[in-house]
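*Asks:* here's a sequence, model it:
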Amino acid sequence: MSAFAEALAAQIAAHGPMRLDRWMAACVAHYYARPHTLGRDFTTAPEIAQVFGELLGLWAADLWERGGRPDPVVLAELGPGRGTLMADAWRATARVPGFHAAARVHLVETSPVLIAEQAARVPHAHWHEAMDSLPPGPLLLIANEFLDALPIRQFVRRPDGWRERMVAHGPGGFAPVPGDPAPEGAIPDAFADAPAGAILEDRPAARALAASLARRLARDGGAALLIDYGYSTPGMGDTLQAVRGGTRVDPFATPGEADLTAHVDFAAIAQAAAPPARVHGPVPQGLFLPRLGLTERTAMLARANPAHAAALHAAAARLTAPAQMGALFPALALTHPAWPTPAGFAA
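*Replies:* Down below sits the predicted model:
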């Protein structure tokens, strides 16, 4: 057992089972602080194809133009990974008149390991530990596969009612166990009489972030684009998962050593943001990216790099095919109420 796991076990021994969201937050923070290479455990869309970051950059620049060309404008990303997305976005927008002169790049990241990688790709950026410390003013924000790593609470339907899921530690290692009764108001009326064994998830940190972001956009202007894997209508089920070395593993087996995530409830995000923000979508990534020009941009790259044409088309298919990322990843946009409808979301 690692030193981190031993520390978690000692904390549980001293204070009793730990609430799942607190356990998940500790594990995620430790995981991203480790010197590891993204791509060994999982691969995000910007690492699959450069066109992904290019299109999102142009999405932001187009909205900046139609939103009145504010100068300055904060161009921000939450959880930038290696910095690949922002580097591709910045390169693609170099020919948009006035955009680079107006844009101030800000990255929200807590991992020193990842900040070092981001600085190598986006040396002109400024870094923050939280979104709330971004400078004031009109904002264009991108968050790709950021929300899924925010901690979740789970509630389990027992014969005696709903109980909060906790994490215990014993001779067999870490394991989920039912804890105290669910707090009043935690279970929506639609799920109150669910059958025994049903699991309901909540992500308070994501809802709080969406509400804070909506207030910021309503006050200062701008837009945010949120892309992640998840679902568009409320539902039940255990979506907590861990990936290590590209393989699904037990989320409780090796805390802090695997990528730990859960699906995003986009309906809850939209509800937390509106009002005061205007909500667009969600739209499946398989529709959103082609609406931004994925097919045309991929064809252009393939003509310029015929030796890599097959790989470029395969990457585009991976991003958009329903059986791969196209249906599983919705895109949701939030804007100031008076800002125009973002590209990719028009009816």
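*Asks:* make it CA atoms for all contacts and neighbour counts henceforth
*Replies:* Noted.
*Asks:* quick one, phi psi at the closest residue in space to Ala168 that isn't next to it in sequence?
*Replies:* Closest residue to Ala168 apart from its sequence neighbours, by C-alpha to C-alpha, 6 or more residues apart in numbering: Pro17 at 4.6 Å. Torsion angles at Pro17 (phi, psi; degrees, to the nearest 10) stand at phi -50, psi 140.
*Asks:* so what's Pro17 up against?
*Replies:* Shown in contact with Pro17 (C-alpha atoms under 8 Å, 6 or more residues apart in numbering): Met166, Val167, Ala168, His169, Gly179.
*Asks:* from Ala311, how far out is Gln50?
*Replies:* Distance of Gln50 to Ala311, computed by C-alpha to C-alpha, to the nearest Å: 12 Å.
*Asks:* what about the strands in the stretch 1-150 of the chain?
*Replies:* Here the stretch 1-150 of the chain has its strands, by DSSP state E, counting those that start in this stretch, at 18-19, 73-78, 103-108, 126-128, 139-144.
*Asks:* mind putting these into JSON lines with mean pLDDT?
*Replies:* Converted to JSON lines, those look like this (pLDDT from 0 to 100):
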{"stretch": "strand 18-19", "mean pLDDT": "98"}
{"stretch": "strand 73-78", "mean pLDDT": "98"}
{"stretch": "strand 103-108", "mean pLDDT": "98"}
{"stretch": "strand 126-128", "mean pLDDT": "98"}
{"stretch": "strand 139-144", "mean pLDDT": "98"}
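*Asks:* gap between the spatially closest residue to Ile48 that is not a sequence neighbour and Leu56?
*Replies:* Leaving aside its sequence neighbours, Ile48 sits nearest to Ala315 (C-alpha to C-alpha, 6+ apart; 6.0 Å). As judged by C-alpha to C-alpha, Ala315 and Leu56 stand 16 Å apart.
*Asks:* and these two? Which one has more around it.
*Replies:* Comparing Ala315 with Leu56 by neighbour count (other C-alpha atoms under 10 Å), the higher total belongs to Leu56, at 25 against 20.
*Asks:* contacting residues around that one?
*Replies:* Neighbouring residues of Leu56 by C-alpha under 8 Å, 6+ apart: Ala89, Ile142.
*Asks:* on that earlier part again, can you tell me which of the strands of the stretch 1-150 of the chain comes nearest to Gln241?
*Replies:* Closest to Gln241 of these is strand 18-19 (C-alpha to C-alpha; 16.6 Å).
*Asks:* hmm, who's touching that closest one?
*Replies:* By C-alpha under 8 Å, 6+ apart, strand 18-19 touches Ile12, Arg153, Glu164, Arg165, Met166, Val167, Ala168.
*Asks:* show me where the stretch 201-347 of the chain has its strands.
*Replies:* Ranges of strands within the stretch 201-347 of the chain are 222-227, 230-231, 241-244, 247-249, 259-261, 264-265, 278-284, 330-335, based on DSSP E, counting those that start in this stretch.
*Asks:* the second one: how far from the chain's middle?
*Replies:* Right, strand 230-231. Here the centre of strand 230-231 is set off from its chain's centre by 11 Å, with C-alpha atoms, centre = their mean, to the nearest Å.
*Asks:* state the phi and psi torsions of the residue nearest the centre of the chain.
*Replies:* Central residue of the chain (C-alpha atoms, centre = their mean): Phe146, 2.2 Å from the mean position. For Phe146, the backbone dihedrals (degrees, to the nearest 10) come out as phi -110, psi -40.
*Asks:* thought it was touching Gly81?
*Replies:* No: in this structure, Phe146 is not within contact of Gly81 by C-alpha atoms under 8 Å, at 9.4 Å.
*Asks:* so what's the nearest residue to Thr44 once chain neighbours are set aside up against?
*Replies:* Spatial nearest neighbour of Thr44, chain neighbours left out: Glu145 (7.4 Å); criterion: C-alpha to C-alpha, 6+ apart. Counting by C-alpha under 8 Å, 6+ apart, Glu145 touches Thr44, Gly79, Ile227, Asp228, Tyr229.
*Asks:* next, work out how far apart the nearest residue to the residue nearest to the centre of the chain once chain neighbours are set aside and Phe174 are.
*Replies:* Counting by C-alpha to C-alpha, 6+ apart, Phe146 lies nearest to Gly79, which is 5.6 Å off, once chain neighbours are set aside. Applying C-alpha to C-alpha, the value for Gly79 to Phe174 is 28 Å.
*Asks:* cool, Gly246 as well?
*Replies:* According to C-alpha to C-alpha, Gly246 stands 22 Å off from Phe174.
*Asks:* more crowded one of those two?
*Replies:* Using other C-alpha under 10 Å as the criterion, Gly246 and Phe174 rank with Phe174 on top: 20 against 14.
*Asks:* got the contact list for the more buried one?
*Replies:* Taking C-alpha under 8 Å, 6+ apart as the contact definition, Phe174 lies against Ala9, Val167, Ala168, Phe252, Ala253.
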